[in-house]
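[1] okay, predicted coordinates and the sequence, questions at the end:
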Amino acid sequence: EAGVAQSPRYKIIEKRQSVAFWCNPISGHATLYWYQQILGQGPKLLIQFQNNGVVDDSQLPKDRFSAERLKGVDSTLKIQPAKLEDSAVYLCASSHRRQRNTEAFFGQGTRLTVV
Amino acid sequence: AQKITQTQPGMFVQEKEAVTLDCTYDTSDPSYGLFWYKQPSSGEMIFLIYQGSYDQQNATEGRYSLNFQKARKSANLVISASQLGDSAMYFCAMSFNAGKSTFGDGTTLTVKP
């Protein structure tokens, strides 16, 4: 089966600009996650969707970050305006159910550099 | 609050030897799952092994085994017969019934020929 697809792989923008990342999860996976991974750290959950509804966005900086999952499939994560500290890898993951014993499948990530 | 601690920023192992990567966790929830993921330089996270909090036996998947000590809140990953392709970052993660996961900061494993 096809894995989680993310684009772009790399993005360089200037601070205060906006950027958007796209994710296509594994077919049939109802749960979708966006993680932020700063260099040298583990992934930090930004937002979790169940189908097209938000389950958890407690760590999403809502003044600048937004995410949507239209029709419960593809998802887009946007940053506007970007700050230097947003430089990180943004990982999208999906799983077929929202339970503790279900592993997540990850995309290759988008590496964002804010200059 | 849930927290995962990986105290080894970097580890070296000789090819064909075994290595243990440490993971301790903190939670007051009795129902949780523990995962190990591998992240090669290409960036994607690859699922390795899972252990449930109620599982009586330690999980094993091929060359990977999880040394689960519930009373000590530790879930160490053991890789037997290391291969050069095992060189990567390894992350321990904890998940709960809502599916939310918390990750540690990882251990970089380098396998020497």
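    Received the coordinates, thanks.

[2] and the lowest-mean-pLDDT helix or strand in chain B, what does it pack onto?
    Least confident element among the helices and strands of chain B, by mean pLDDT, DSSP states H and E: strand B:101-103 (a mean of 91). Applying 3 or more Cβ pairs under 8 Å, 6 or more residues apart in numbering or on different chains; DSSP states H and E, we find strand B:101-103 packed against strand A:44-50, strand B:3-5, strand B:88-95. Backbone N, C-alpha and C define where each C-beta goes, glycine included.

[3] give me the sheet partners of the first one and which way each runs.
    Read that as strand A:44-50. Partner strands for strand A:44-50, per DSSP bridges, with pairing direction: strand A:31-37 (antiparallel), strand A:53-56 (antiparallel).

[4] just the shortest one next, same as before
    Strand B:3-5 sits in its sheet next to strand B:24-26 (antiparallel), going by DSSP bridges.

[5] which residues are in contact with the strand it pairs with?
    B:1-5, B:7, B:32, B:34, B:72-75, B:92, B:94 (Cβ atoms under 8 Å, 6 or more residues apart in numbering or on different chains).

[6] closest to chain A among those?
    B:Y32 (5.8 Å; Cβ to the nearest Cβ).

[7] spatially nearest residue to that closest one, not counting backbone neighbours?
    Closest residue in space to B:Y32, ignoring its immediate chain neighbours: B:S53 at 4.7 Å, by Cβ to Cβ, 6 or more residues apart in numbering or on different chains.

[8] residues touching the one you found, list them.
    B:P30, B:S31, B:Y32, B:G33, B:L34, B:K70.

[9] of these, just say which sits nearest to A:L84.
    B:L34 (34.4 Å; Cβ to Cβ).

[10] so what's that closest one up against?
    B:L34 neighbours (Cβ under 8 Å, 6+ apart): B:23, B:25, B:50-53, B:66, B:68, B:75, B:92-95.

[11] just for the chain, where's the confidence low?
    With no chain named, the answer covers chain A. Scanning chain A for pLDDT under 70 picks out A:1, A:98, A:100.

[12] center of it, which residue is that?
    A:W34 (2.8 Å; Cα atoms, centre = their mean).

[13] how close does it sit to B:M94?
    19 Å (Cβ to Cβ, to the nearest Å).

[14] kindly export stretch A:41-61 (C-alpha atoms) in PDB.
    Taking Å, rounded to 0.1, in the frame of the first residue of the first chain, the C-alpha atoms of stretch A:41-61 are listed here in PDB:
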ATOM      1  CA  GLN A  41      14.400  16.800  19.700                       C
ATOM      2  CA  GLY A  42      11.600  14.300  19.400                       C
ATOM      3  CA  PRO A  43       8.400  15.000  17.500                       C
ATOM      4  CA  LYS A  44       5.900  17.200  19.300                       C
ATOM      5  CA  LEU A  45       2.200  16.800  18.400                       C
ATOM      6  CA  LEU A  46       0.600  20.000  17.000                       C
ATOM      7  CA  ILE A  47      -2.800  18.700  16.000                       C
ATOM      8  CA  GLN A  48      -4.700  15.400  15.700                       C
ATOM      9  CA  PHE A  49      -7.700  14.800  13.500                       C
ATOM     10  CA  GLN A  50     -10.300  12.100  13.600                       C
ATOM     11  CA  ASN A  51     -11.800  12.000  10.100                       C
ATOM     12  CA  ASN A  52     -12.400  15.800   9.500                       C
ATOM     13  CA  GLY A  53     -12.800  16.800  13.100                       C
ATOM     14  CA  VAL A  54     -10.100  18.100  15.400                       C
ATOM     15  CA  VAL A  55      -9.400  15.800  18.400                       C
ATOM     16  CA  ASP A  56      -6.500  17.600  20.000                       C
ATOM     17  CA  ASP A  57      -4.900  21.000  19.100                       C
ATOM     18  CA  SER A  58      -3.800  21.900  22.600                       C
ATOM     19  CA  GLN A  59      -0.200  22.500  21.500                       C
ATOM     20  CA  LEU A  60      -0.900  24.300  18.200                       C
ATOM     21  CA  PRO A  61       0.100  28.000  18.300                       C
END
